[in-house]
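Colleague: Attaching a predicted model along with its sequence, questions to come.
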Amino acid sequence: MSFTQQYYVKERLSLNLARLKKGGKKFEIIIEDPDKALELREGKDVNIHDVLQSEEIFSDAKKSELAKEADIQQTFNTVDPLEVAKKIIRKGEVQLTAEYRKKLFDQKKRKIIEYIHQNAIDPKTRLPHPVKRIELAFEEAKIHIDASDTVSWQVDRIIPKLQPILPISFSKMRLKVVIPTKYAGHAYGSLKGKYNLIKEKWLNDGAVEFEATGSAGLKREFIDLVNKLTNGEAEINDLGE
């Protein structure tokens, strides 16, 4: 079960907690930084001190009731609070406050809107929809965001609901670019790290030729950057999708 699938709880929490129930006993810790707790669950190298509000192991954190040392030892084979905390986070349930759950929903919504902005276009203008226009369409269509599902899965479900309000088409850009000699080194280096460039070829005069591919939503941004890096002297040809 993923981290995001475990923060739905019926009780109203004032603390971000991690909880493990084992052998009829309950062990809880108070989480200071839920983002780092998520990273720890995913196996990343995280300083446990940055995750915890305190090093105390509770049987009931809301009542400030500490777990018995004998129960901790029997369950975890150690009484080291930091080691115990790691095990609770990795094997238990992470329960988050309504405030933090809202933060996760808002983050996922922003990612979905940004994905649509970068990868979809208006089929009439062949340009990406502005972020604000997509946000307003979300409101009008009453789009529901699920923080526990991936962006790509939700986009497939959301697009049909948006299309009666916002014409959307997903397409790709494919541009052939030739950068003159005097700009080739710097411009190519700047573009290579940011965009997908293929069929690169250095010409005899020192110019560089390549094709740029990616989502259609990046097309205007890419062309503007190429023109900026070359003072408008680059040759850009649209090869279609």
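Modeller: Happy to help now that I have it.
Colleague: C-alpha only now, for contacts and for neighbours.
Modeller: Noted.
Colleague: okay, the host helix or strand of F222 in CSV with CA atoms only?
Modeller: Secondary-structure assignment from DSSP states H and E places F222 in helix 219-230. Presented in CSV, the C-alpha positions along helix 219-230 are these (Å, rounded to 0.1, in the frame of the first residue of the first chain):
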residue,chain,number,x,y,z
LYS,A,219,7.0,24.2,-29.0
ARG,A,220,6.6,27.9,-28.5
GLU,A,221,8.9,27.9,-25.4
PHE,A,222,11.6,26.0,-27.4
ILE,A,223,11.4,28.2,-30.4
ASP,A,224,11.6,31.3,-28.3
LEU,A,225,14.7,30.0,-26.5
VAL,A,226,16.4,29.0,-29.7
ASN,A,227,15.8,32.5,-31.1
LYS,A,228,17.1,34.1,-27.9
LEU,A,229,20.3,32.0,-27.9
THR,A,230,21.0,32.7,-31.6
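Colleague: Which elements pack onto it?
Modeller: When contacts are defined as 3 or more CA pairs under 8 Å, 6 or more residues apart in numbering; DSSP states H and E, helix 219-230 packs onto helix 181-192.
Colleague: ok, then the element right after the helix it packs on?
Modeller: Downstream of helix 181-192, the next assigned helix or strand under DSSP H and E is strand 196-202.
Colleague: what's near enough to touch G214?
Modeller: G214 makes contacts with 172-174, 195-196, as judged by CA atoms under 8 Å, 6 or more residues apart in numbering.
Colleague: That one: what secondary structure?
Modeller: Of the three states, G214 takes strand under DSSP: H, G, I helix; E, B strand; the rest coil.
Colleague: tell me how far whatever helix or strand comes next after the helix holding F222 is from the chain's mean position?
Modeller: Heading C-terminal from helix 219-230, the first helix or strand you meet, by DSSP H and E, is strand 235-238. With CA atoms, centre = their mean, to the nearest Å as the basis, strand 235-238 stands 33 Å off its chain's centre.
Colleague: which residues are in contact with strand 235-238?
Modeller: 173-179, 223.
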